[in-house]
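Mind folding the following:
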Amino acid sequence: MIIQLKPTISPKSRANLDFIIAEIGYKSLEVKTQFQNYLVATGTNDFDIRRIGSLKGIKDIHRVTDDYKLVSRKWKLNRTKIYLGDDVYIGGNKLSIMAGPCSIESEEQIENTVAFLLANGIKIMRGGVYKPRSSPYSFRGLGIDGLKLFYKHCRKNGIKIITEVMQVSQIDPMLDYADIFQVGARNAQNFNLLDALGQIDKAVMLKRGISGSINELLQSAEYVFSNGNEKIILCERGIRTFENAYRNTLDLNAIPILKEKSHLPIIVDPSHGIGIRKHVARMALAGVVAGADGVILEVHQTPEKAISDSQQALSFVEAKTLFSQLKKVSDLQF
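I've put the predicted structure just below:
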């Protein structure tokens, strides 16, 4: 169960609560986030929930039987909406579009991409400065210096940044320059990283693991939430199956299922999901129809010259057309 504590709960009331939880045979973990104080209590004994709900200092109490509790839809009536500042939100009734290159390559590239996004009303730019690559000889990003360049041009133009973090030691140097920390598919169950991201006050987007189940994705989100960070976004980016006609199998089934299971916003990544440029737009639109709160797209001014993932990046012309289509589709009611 999840017990929401009032901020004014007295030490005496809190001690009484701890005594009753232990008396009914439950164990509890205190979770303090940016917004609330919770107790997550686990156990199997049956009891009258009103015994706890009527205590002083209790704001609300919810029975949640899922293994993942704080990210479960069962206790939260309204879906989570994440505020990034400057009237930019993830979740809610407005579709979020994140777009930009796979890798930050140069200052000129940043300037050109920022200008393109501004012209099309896009408020969040993606771009990797630390790149997990299958080959150790591939381009692995410009690092923190690249992120500082990225930040300089985005900041002065009101563009928010989403970029990937790969290890705990990178969090502090990146903290002042990123608005959303992306956890890539290869790090979906890097629990040390998830624990650390739970201790910061920045949004975190968790990509589904390459072979990860929906429940495993939700458990990863639970790691972040239980460490104190409620600003979590889930991302369906395709899973590895037996099929090799495309890069990954974009699991559109996961979108309505995740929305049913969790109150967190859902983003779809069709670029990695299919990995073939000419099909990315259709899969992006399908993701929105399936109920995604937003899309994240790889966009490059000259995709054929991109240092990484050139085969799946949209050109500016292709992206502009897709942005218009996405906005039209998001206005429809399904």
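
Could you break the protein into its assigned domains?
2-62, 82-330 (automatic domain parsing).

Would you mind measuring the gap between the ends of the longest one?
Spelled out, that is domain 82-330. Using Cα to Cα, to the nearest Å, one end of domain 82-330 lies 18 Å from the other.

quick one: contacts for K327?
Applying Cβ atoms under 8 Å, 6 or more residues apart in numbering, we find K327 in contact with L95. C-beta coordinates here come from the backbone N, C-alpha and C atoms, glycine included.

what about it, which SS state?
helix (DSSP: H, G, I helix; E, B strand; the rest coil).

Do you know the pLDDT at it?
Listed pLDDT for K327 reads 93.

quick one: it from D179, how far?
22 Å (Cβ to Cβ, to the nearest Å).

and if you look at G273?
From G273 to D179 the distance is 23 Å (Cβ to Cβ).

Neighbour count: these two, which is higher?
For G273 versus D179, the count of surrounding residues by other Cβ atoms under 10 Å is larger for G273: 26 against 20.

out of everything not next to it in sequence, what's closest to the more buried one?
Once flanking residues are discounted, G273 sits nearest to L250: 3.0 Å by Cβ to Cβ, 6 or more residues apart in numbering.

Next: S72.
D66 (4.6 Å).

Next, the contact list for that neighbour, please.
Per Cβ under 8 Å, 6+ apart, neighbours of D66: S72, K74, L218, K261.

So for these, which is the shakiest by pLDDT?
K74 (94).

How much space separates the spatially closest residue to that residue that is not a sequence neighbour from Y26?
In space, and not counting its chain neighbours, K74 is closest to V64: 4.9 Å by Cβ to Cβ, 6+ apart. As judged by Cβ to Cβ, V64 and Y26 stand 13 Å apart.

who touches both of the two?
By Cβ under 8 Å, 6+ apart, the residues touching both V64 and Y26 are M1.

what helices or strands is the lowest-mean-pLDDT helix or strand in the chain leaning on?
Taking mean pLDDT, DSSP states H and E as the measure, helix 50-53 is the helix or strand of the chain with the lowest mean score, a mean of 92. Applying 3 or more Cβ pairs under 8 Å, 6 or more residues apart in numbering; DSSP states H and E, we find helix 50-53 packed against helix 11-23, strand 58-62.

sorry, back to before: check contacts around the residue nearest to G273.
E236, R237, G238, V268, P270, G273, I274, M283, G287.

of all those residues, which comes closest to D86?
Nearest to D86 among the contacts of L250 is V268, at 23.8 Å by Cβ to Cβ.

what's around the spatially closest residue to the closest one that is not a sequence neighbour, how many residues?
Distances taken as Cβ to Cβ, 6+ apart put G287 closest to V268, at 3.2 Å, once the chain neighbours are dropped. Each residue near G287 was counted by other Cβ under 10 Å, and the total is 26.

G287 reaches G238, doesn't it?
No. With contact defined as Cβ atoms under 8 Å, G287 does not reach G238; the gap is 10.8 Å.

Would you mind checking the average pLDDT for stretch 57-67?
93.

buried residues in that stretch?
Neighbour counts over stretch 57-67 (16 or more other Cβ atoms under 10 Å) mark G57, I58, I61, H62, V64, D66 as buried.

for stretch 68-87, same thing?
Y68, K69, L70, V71, S72, R73, W75, K76, R79, T80, I82, L84.

these two touch, right, the third one and I2?
Yes. Between L70 and I2 there is a contact under Cβ under 8 Å: 6.7 Å.

Any chance you could list residues touching both of those two?
With Cβ under 8 Å, 6+ apart, L70 and I2 have common neighbours Y38, V40.

re earlier: part of a helix, is the residue nearest to K74?
No. Residue state for V64 (three-state DSSP) corresponds to coil; a helix is not indicated.

Give me the phi and psi for it.
V64 adopts backbone torsions of phi -130, psi 110, taken as degrees, to the nearest 10.

before we move on, what about I296?
According to degrees, to the nearest 10, I296 has phi -120, psi 130.
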